[in-house]
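S.K.: sequence unknown, structure follows:
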């Protein structure tokens, strides 16, 4: 049930034919976990909060540094040195007090990720390292949770949605993250953000698109990104979509699955 204040706050959503009152109520009931309160998580959290997602979880064990502020717009200069989950929660509450914020100041690992992921309806992964991406994607499969995962390069970005625990209209399992990227790149082949740099506004674009995809997932309109990898080249402002399908050799829902727990991540 939406209050009079919420009806006014979300009025521009409610008049949308594909959202309406039922869609806005679904957003209020939803719980979404955002992994990382950094370049992608910051704008995603802001737009999900503004949209009225009822419970927002944010997991990050880092503190705000001056170099973060070029792209991590949920944090401000006075926040330098504060835990990111604290400053993010404060900003979300200032934007929308109707949102329940759950701060997880921790590093996700094989011992805690299933408990954290399992408490939410939907997971957004905006992490900046391959270990966490594979951990979160495996955990979402085991916990039967949908996953929206984004990645940033220097001037490029990508986004997809994973429903690997579900089957498609043909009764075949949807692809996993490992179908798209079977193995992480060798160590040292992909430079870190601090070394290679990243265009700040590009993080805002992709993080906002992650929020949009999450809203679409919760409300249930349009065609999502399951089995499609959206790629953005910021140099040319070109968007392209690559279709991908389940790899029968993948270790999660392939013909001979071998991953039944997270022991390989320990």
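M.R.: Now that the structure is in, tell me what you want to look at. Quantities reported herein were computed from a predicted structural model and do not represent experimental measurements.
S.K.: Neighbours of the residue nearest to residue 27 when sequence neighbours are not counted, how many?
M.R.: Leaving aside its sequence neighbours, residue 27 sits nearest to residue 52 (Cβ to Cβ, 6 or more residues apart in numbering; 4.8 Å). C-beta here means a position set from N, CA and C on the backbone, and glycine is covered the same way. Applying other Cβ atoms under 10 Å, we find 21 residues neighbouring residue 52.
S.K.: my read: residue 52 touches residue 97, true?
M.R.: No. At 11.2 Å, residue 52 and residue 97 do not qualify as touching, with contact defined as Cβ atoms under 8 Å.
S.K.: circling back to that earlier point, what does the pLDDT read for the residue nearest to residue 27?
M.R.: Note on residue 52: pLDDT of 98.
S.K.: One more: residue 26?
M.R.: Listed pLDDT for residue 26 reads 98.
S.K.: is it true that it lies in a strand?
M.R.: No. With DSSP: H, G, I helix; E, B strand; the rest coil as the criterion, residue 26 is assigned helix and is not in a strand.
S.K.: My read is that it contacts residue 219, right?
M.R.: Yes. At 5.7 Å, residue 26 counts as touching residue 219 under the criterion of Cβ under 8 Å.
S.K.: Please point out which parts of the helix ranked longest in the chain sit buried.
M.R.: Counting by DSSP state H, the longest helix found in the chain is helix 200-219. Within helix 200-219, the residues that count as buried by 16 or more other Cβ atoms under 10 Å are 202-207, 209-219.
S.K.: Show the subsequent helix or strand relative to that helix.
M.R.: Remark: after helix 200-219, the chain's next helix or strand is strand 228-233, criterion DSSP states H and E.
S.K.: and the following helix or strand past that following strand, which strands flank it?
M.R.: Next helix or strand after strand 228-233 toward the C-terminus (DSSP H and E): strand 238-243. Strand pairing for strand 238-243, using DSSP bridges, gives strand 228-233 (antiparallel).
S.K.: any idea how far residue 34 is from residue 123?
M.R.: 8 Å (Cβ to Cβ, to the nearest Å).
S.K.: okay, these two: which has more neighbours?
M.R.: Ranked by neighbour count (other Cβ under 10 Å), residue 123 and residue 34 place residue 34 first, with 31 against 27.
S.K.: which ones are touching the residue nearest to residue 27?
M.R.: Shown in contact with residue 52 (Cβ atoms under 8 Å, 6 or more residues apart in numbering): 6, 9-10, 13, 24, 27-28, 96, 98-99.
S.K.: In helices, which of the residues you listed fall?
M.R.: Among the contacts of residue 52, the subset assigned to helices under DSSP H consists of 6, 9, 13, 24, 27-28.
S.K.: By neighbours, which of the contacts of residue 52 wins?
M.R.: Neighbour counts for the contacts of residue 52, by other Cβ under 10 Å, peak at residue 10, which reaches 24 neighbours.
S.K.: what's it in contact with, if anything?
M.R.: If you count contacts by Cβ under 8 Å, 6+ apart, residue 10 has them with 2, 24, 51-52.
S.K.: list the buried ones in the lowest-mean-pLDDT helix or strand in the chain?
M.R.: Least confident element among the helices and strands of the chain, by mean pLDDT, DSSP states H and E: helix 193-196 (a mean of 74). Within helix 193-196, the residues that count as buried by 16+ other Cβ under 10 Å are residue 193.
S.K.: for it, packing partners?
M.R.: Counting contacts by 3 or more Cβ pairs under 8 Å, 6 or more residues apart in numbering; DSSP states H and E, helix 193-196 packs against no other helix or strand.
S.K.: Count the neighbours of residue 23 for me.
M.R.: Residue crowding around residue 23 was assessed by other Cβ under 10 Å; the count is 20.
S.K.: isn't it right next to residue 217, touching?
M.R.: No. Residue 23 lies out of contact with residue 217 (Cβ under 8 Å); the separation is 11.6 Å.
S.K.: Pull the contacting residues for residue 228.
M.R.: Neighbours of residue 228 in contact, by Cβ under 8 Å, 6+ apart: 160, 241-244.
S.K.: Going by neighbour count, which of these comes out on top?
M.R.: Highest neighbour count within the contacts of residue 228: residue 160, with 24 neighbours (other Cβ under 10 Å).
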